[in-house]
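Chemist: just need the structure, nothing else, for what follows:
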Amino acid sequence: MPAVQSNTSGETQSTSMLEETLASFTSLADPLAIDDALLVLEHALQGRTCRVLELLLKEQPYSALVQDPAVSEALMQALLSPSLPVHALGLSQVDKVASEDVTVLRSMLASDVFKAVVDGIGFESISIAERSKQTLLKLRMMEILAEMAAQSQASLVALEQSGLLEPLKNGLQSTDILTRFNIIEILAEFGATTSGSDFLDHSGILSRMSTVVKEEVDQDPLGVSAIVKLYGKLGASEHADFVTLDMKHQILSQLERLMIGDEDYVPSESLKVEAMATLGLIGGNIQNVEWVAQSQCGASFVNLLPSLPRDSKIAWYHSLAQILACSPDPSPATDKIVSDFYSQLEGPGQSPFISRLLASAKSQTVDLAMSALSVMIPLARYPFGVQRMGSQRDVISFLLDRNSELSHSEKVAKHEVIEAMLKTSQETKTILGIDLLTADQVSRLDLNRRQGPFYQRATATVSIQDIAA
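Modeler: Here you go, the predicted structure:
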């Protein structure tokens with residue numbers, strides 16, 4: 001009997017099974033052997049039929065398919081079928097919904113098709129590949145539910161009462177690490193909204209996350225990393241009351257432990273960097289800067305700098321820059337908060353922080369130099385910052401130096417520092433009558449500003465031929 005040709009490994013395997021079964025016949029009168037052969041043949045033909053149907057339906061969007069009651073009913077039957085090819089066909093059609101308008105996605109959530117998708121996930125006969133595809137679809141459904149709940153408090157209440165948000169509540173209990181990671185990412189976006197942050201609090205999700213960070217950091221570093229990023233989203237959002245959440249769940253204390261460790265835990269460098277970055281996001285929100293600046297976590301962050309390797313030091317500078325940049329035009333109250341926080345950097349027995357910052361800004365490593373300059377830019381928006389930079393002759397000389405070997409980004413950053421210094425100096429003199437810089441410093445810095453970041457002094461060159469002539 002000729003073998004059925006196929007371009008897929010699955011059909012080749014089915015054909016091989018059929019040939020093996022037929023070859024094992026000892027007699028055409030053996031009913032068991034005949035049944036086995038027929039089953040294998042049916043499976044092969046079923047798979048071919050499903051592939052043909054999938055090609056025919058390829059250009060049909062999900063929304064068009066479900067408009068036909070007969071097709072919609074057939075789709076649900078396919079999703080609940082124990083047959084792998086038929087089930088895969090149904091799933092391939094539902095998967096199209098992810099590329100359609102959000103209204104189509106929302107209507108699906110209330111349909112029997114969605115229920116069939118969820119029920120079908122429990123089939124033990126589903127292959128790992130198909131179960132993985134369904135997991136992705138389920139995550140997409142959770143994402144849409146979270147987007148709907150984020151629209152208003154009324155939407156949140158309605159979805160909670162319907163039980164549709166239970167998968168989000170229970171997501172941290174998933175035994176699949178990647179699924180849990182993806183659910184936390186969905187919760188991070190959701191939590192940055194007013195209703196979302198309230199949901200994370202009252203549903204017990206933040207309490208569960210706190211337990212994971214405290215007790216499971218060694219077992220699930222990927223999950224803890226995702227949680228830390230979620231904390232950053234919460235802190236950076238103007239819609240979330242981070243201070244209230246921190247008082248209840250001790251988020252800053254969790255970050256502090258991830259930065260400095262304790263007698264039971266030695267933090268990895270990667271999680272230390274994540275925690276510092278998150279603290280920068282939280283403190284960079286004007287709503288939270290005072291809370292962070294006066295916290296024990298903030299003090300521990302300040303004391304970390306001397307012990308950090310280069311790459312972590314870069315992350316530390318970027319985090320400090322975010323805290324300093326909490327306001328593009330700092331008020332006197334903000335100036336006082338940030339000035340007090342900055343003073344913690346000037347510990348006893350240490351050189352002025354501005355001198356250490358300058359050393360990093362002069363580094364031959366561009367990333368380190370740029371991270372230090374990223375601190376100088378927002379620092380120059382504060383009167384106290386301009387005073388400290390102006391009091392160090394080396395800082396002014398560095399800013400005015402037209403070193404042609406500097407990278408493009410370094411030249412631009414130095415120019416931004418100069419512009420900020422001059423603006424702050426002028427505003428302070430106009431409002432308070434106080435000179436933050438000397439007249440000579442202002443004159444030289446202003447000339448540099450007007451010349452632009454890429455100015456190079458022209459030099460006369462004489463060729464050997466000219467001399468000979």
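
Chemist: pLDDT of stretch 69-77, averaged?
Modeler: On average, the pLDDT along stretch 69-77 is 81.

Chemist: with stretch 363-377 instead?
Modeler: Stretch 363-377 comes out at a mean pLDDT of 95.

Chemist: quick one: buried residues of that stretch?
Modeler: 363, 368-377 (16 or more other CB atoms under 10 Å). Just so you know, the C-beta spots here come from the backbone N, C-alpha and C atoms, and that holds for glycine as well.

Chemist: for stretch 282-298, same thing?
Modeler: Buried residues in stretch 282-298, counted by 16+ other CB under 10 Å: 282-293, 295, 297-298.

Chemist: what about the residue sitting nearest the centre point of the chain, distance to residue 193?
Modeler: By CA atoms, centre = their mean, the chain has its centre lying nearest to residue 229, at 6.4 Å. The gap separating residue 229 from residue 193 is 16 Å, by CB to CB, to the nearest Å.

Chemist: could you do residue 161 as well?
Modeler: 19 Å.

Chemist: which of the two has more residues huddled nearby?
Modeler: residue 193 (20 against 9; other CB atoms under 10 Å).

Chemist: measure the more buried one to residue 183 for me?
Modeler: Relative to residue 183, and taking CB to CB, residue 193 is found at 17 Å.

Chemist: cool, residue 158 as well?
Modeler: Distance from residue 158 to residue 183, by CB to CB: 21 Å.

Chemist: ranges for the helices of the stretch 151-300 of the chain?
Modeler: 153-162, 166-169, 177-191, 194-202, 205-215, 221-236, 242-249, 251-260, 269-283, 289-293, 296-304 (DSSP state H, counting those that start in this stretch).

Chemist: between those helices, which one is nearest to residue 424?
Modeler: Proximity to residue 424, assessed across these by CB to CB, is greatest for helix 289-293 (18.1 Å).

Chemist: state the mean pLDDT of the closest one.
Modeler: In the prediction, helix 289-293 has an average pLDDT of 96.

Chemist: for the helix or strand encompassing residue 397, name the packing helices and strands.
Modeler: Using DSSP states H and E, residue 397 falls within helix 393-400. Using 3 or more CB pairs under 8 Å, 6 or more residues apart in numbering; DSSP states H and E, the elements in contact with helix 393-400 are helix 353-361, helix 383-390, helix 408-432, helix 439-451.

Chemist: let's see that with 7 Å instead.
Modeler: Here helix 393-400 touches helix 353-361, helix 408-432, helix 439-451, going by 3 or more CB pairs under 7 Å, 6 or more residues apart in numbering; DSSP states H and E.

Chemist: the second one packs against which elements?
Modeler: Applying 3+ CB pairs under 7 Å, 6+ apart, one finds that helix 408-432 makes contact with helix 366-379, helix 383-390, helix 393-400, helix 439-451.

Chemist: tabulate the ones you listed (a markdown table), appending distance to residue 253.
Modeler: A markdown table is the format used below for the helices and strands packed on helix 408-432 (distance: least, CB to CB, whole Å):
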| stretch | distance to residue 253 |
| --- | --- |
| helix 366-379 | 26 |
| helix 383-390 | 29 |
| helix 393-400 | 36 |
| helix 439-451 | 43 |
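
Chemist: quick one: closest of those to residue 86.
Modeler: Shortest distance between residue 86 and the helices and strands packed on helix 408-432, using CB to CB, is found for helix 366-379: 54.4 Å.

Chemist: got the angle for the closest one vs helix 383-390?
Modeler: In terms of direction (axes from the mean of the first three to the mean of the last three CA atoms, to 10 degrees), helix 366-379 departs from helix 383-390 by 130 degrees.

Chemist: residues in contact with helix 366-379?
Modeler: 310, 313-314, 317-318, 320-321, 324-325, 357, 360-363, 385, 407, 409-410, 413-414, 416-417, 420 (CB atoms under 7 Å, 6 or more residues apart in numbering).
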